[in-house]
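Engineer: the sequence and its predicted three-dimensional model are supplied below.
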Amino acid sequence: MARMRTVDAIVAILQKEGATEAFGLPGAAINPLYSAMRAHGGIRHTLARHVEGASHMAEGYTRSAPGNIGVCIGTSGPAGTDMVTGLYAAAADSIPILCITGQAPVAKLHKEDFQAVDISSIAAPVTKMAMTVLEPGQIPGAFQKAFHLMRSGRPGPVLLDLPLDVQLAEIEFDIDVYEPLQVARPAATRAQAAKALDMMFAARRPLIVAGGGVINADASDKLVELAELLDVPVIPTLMGWGTIPDDHPLMAGMVGLQTSHLYGNATLLESDFVMGIGNRWANRHTGGIETYTAGRTFVHIDIEPTQIGRVFAPDLGIVSDAGAALDVLLEVARERTEQHCVPDWTTWAKDCARRKGSMQRKTHFTNVPIKPQRVYEEMNSAFGKDTTYVSTIGLSQIAGGQFLHVYGPRQWINAGQAGPLGWTGPAALGVVRGKPGETVVALSGDYDFQFMIEELAVGAQFNLPYIHVVVNNSYLGLIRQSQRGFGMEQDVSLAFENLNSPETNGYGVDHLKVAEGLGCKAVRVTDPERLQDAFAEARSLMGEFRVPVVVEVILEKVTNISMGTEIDKVVEFEELAERGEDAPTAIALLD
């Protein structure tokens, strides 16, 4: 056995577990780990400007490809508390990230030492494990357990807190005999799959709802195969967007109160059976439970036992990894297909396709200032099917969910349940680390963009190029829209006359100057007819300088985006499309 510092053992473990992409900030209480990373050389580290930003970068990296686990590193005290939002965002969306913090020496933890905080207690509610390692000999086991928990069952984040003296202590350790623990994933039985298909085959208008668990299981191809084998339309959730390509004939649209399609909601309301796979029945997907469930039978398949029945009790619940469930569902479905026992749902599938081709929102507006719908229309034209979009929350994200197109898994990366402002930019940088050379496009409103705008410097320093579309209406648009129900508009305007940038015309912050000051490139658009040129210029600048490029689009200040309180009561604030030219980039063109 070799004798080494615990931090040297940690770096060896990270490499053997395949977690070699780290984001963070060094500090006195975590410098021993940084010294080990420097000596070892096997961990690539990206220096963030804020530890919360680093945690979002780690999440973006994890979500960019199957099997990834991003690592976030910070010093003691506020570094850990800064990570909590990132831990919450990752936990809410079932994303494994490993956060490592430094800590005061063990003997001083109870003496209010400088930057000594009980971070394991603070982080416990938003992690699968939060542990302050008090004994050097526990280090290998703590990391082994951390990786096992992150990967097993419903994935999620872990925080390990390392006192300074524990990092510097020496232990006996041999990386050659260290082995990652076997991942535990429950699997549906054949009897359960047969029962689920029996229930589906008794229906006349069945649907499959595909959630983020399908993407986590890297099982999108299996999901599409099952849908095609049975000719059953698919409704992806926001977290499952991309499990089936938007232009697939069986992609029936998204359902919900906000990021939904007219035709998706209409199709769900027409259905009589729903099989949910790897989804949570999130409230912005379902709206009121009575409306969502009335007249329908439900099967719910999820990897987490306590998720089943949490929102409403299904007619059949199956605890299973989404990929394992799809394996056995496919096995039984193939047998029944060979026996000619599958109902003919051709008419139902055609009805869903007809709705998709007739119920479209208008996007082709020529107004100046620009209406947001036009921005997404032009983005659909400018960016190809290989584009990965990154977004978090706000009217920009909601409209993006209504109008953009996604063609594959991990091509829509969205902070779904937590929705922290500022998440988009750093998450996009993590995605670029995980998808080098691919087209990454971030989407923010002006307030989301301003929250962690300093992280643009990370993209400039480390040559992490992506395009950041900022739709600027100088408002907290989603909050202003929700305030309509209270008959007020209170503290939601970001507009002011910028003495240093009169060219912003009362929209306040000069995002171009800020972006350029942080080492990036930026383009401003005020005319909808210039959008294509702006996106082309952004591509050119990104290719030439290898830095983030901001495309700021000046929108009309007051915009209301379609949403409601029930899936059958979504309010449309704009006219609907009546002909093809009203929505020229719709996934199914109007006649």
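Structural biologist: In hand now; what should we look at?
Engineer: show me what the residue sitting nearest the centre point of the chain is bridged to.
Structural biologist: Residue closest to the average C-alpha location in the chain (C-alpha atoms, centre = their mean): Asn414, at 2.8 Å. Beta-bridge pairing of Asn414 under DSSP bridges involves Ser391.
Engineer: how much space between it and Glu335?
Structural biologist: Applying C-beta to C-beta, to the nearest Å, the value for Asn414 to Glu335 is 37 Å. (C-beta placed from N, C-alpha, C; glycine too.)
Engineer: quick check, the residue nearest to the centre of the chain in contact with Ser396.
Structural biologist: No. Counting by C-beta atoms under 8 Å, Asn414 does not reach Ser396; the two are 11.4 Å apart.
Engineer: now do the shared contacts for the two.
Structural biologist: Counting by C-beta atoms under 8 Å, 6 or more residues apart in numbering, Asn414 and Ser396 have no contacts in common.
Engineer: where does this structure have low pLDDT?
Structural biologist: Low-confidence segments of the chain, defined by pLDDT under 70, are located at 1, 477, 589-591.
Engineer: how close does Leu197 get to Ile318?
Structural biologist: From Leu197 over to Ile318 the distance is 12 Å, taken as C-beta to C-beta.
Engineer: what residues of stretch 472-489 count as buried?
Structural biologist: 472-478, 480-481 (16 or more other C-beta atoms under 10 Å).
Engineer: and for stretch 334-348?
Structural biologist: Residues 336, 342-343, 345, 348 are the ones in stretch 334-348 that count as buried (16+ other C-beta under 10 Å).
Engineer: the residue nearest to the centre of the chain and Gly240, how far apart?
Structural biologist: Distance, Asn414 to Gly240, using C-beta to C-beta: 11 Å.
Engineer: same check, this time on Val255
Structural biologist: Taking C-beta to C-beta as the measure, Val255 falls 11 Å from Gly240.
Engineer: next, show the common contact partners of those two.
Structural biologist: Common neighbours of Val255 and Gly240 (C-beta under 8 Å, 6+ apart) are Val209.
Engineer: so Pro249 makes contact with Ala349?
Structural biologist: Yes. Applying C-beta under 8 Å, one finds Pro249 in contact with Ala349, separated by 7.3 Å.
Engineer: which one of the two is surrounded by more residues?
Structural biologist: Neighbour count, other C-beta atoms under 10 Å: between Pro249 and Ala349, Ala349 has more, with 20 against 17.
Engineer: give the contact list for the residue lying closest to the more buried one once chain neighbours are set aside.
Structural biologist: Leaving aside its sequence neighbours, Ala349 sits nearest to Asp231 (C-beta to C-beta, 6 or more residues apart in numbering; 5.3 Å). By C-beta under 8 Å, 6+ apart, the residues touching Asp231 are 250, 344-346, 349.
Engineer: between which two of those residues is the distance greatest?
Structural biologist: Farthest apart among these by C-beta to C-beta are Leu250 and Asp344. That separation is 14.7 Å.
Engineer: just give me the neighbour total for Asp527.
Structural biologist: Using other C-beta under 10 Å, Asp527 has 14 neighbouring residues.
Engineer: show me the contacts for it.
Structural biologist: Counted by C-beta under 8 Å, 6+ apart, Asp527 has contacts 368, 370.
Engineer: which residues are contacting the longest helix along the chain?
Structural biologist: Ranked by residue count under DSSP state H, the longest helix found in the chain is helix 322-338. Helix 322-338 is contacted from outside by 185-190, 192-194, 196-197, 201, 211, 213-214, 216-219, 222-223, 225-226, 229-230, 277-278, 301, 303, 318, 342, using C-beta under 8 Å, 6+ apart.
Engineer: list the helices and strands the helix or strand following it packs on?
Structural biologist: Later in the chain than helix 322-338, the nearest helix or strand by DSSP states H and E is helix 346-356. Applying 3 or more C-beta pairs under 8 Å, 6 or more residues apart in numbering; DSSP states H and E, we find helix 346-356 packed against helix 262-270.
Engineer: pull out the buried residues from the helix it packs on.
Structural biologist: Buried residues in helix 262-270, counted by 16+ other C-beta under 10 Å: 262-268.
Engineer: which one of those residues sits closest to Met4?
Structural biologist: Of all these, Gly264 has the smallest distance to Met4: 55.7 Å, by C-beta to C-beta.
Engineer: who are the contact partners of that closest one?
Structural biologist: Residues near Gly264 by C-beta under 8 Å, 6+ apart: 235, 252-256.
Engineer: ok, which stretches of the stretch 451-591 of the chain are helices?
Structural biologist: Using DSSP state H, counting those that start in this stretch, the helices of the stretch 451-591 of the chain run over 456-461, 477-483, 511-517, 531-545.
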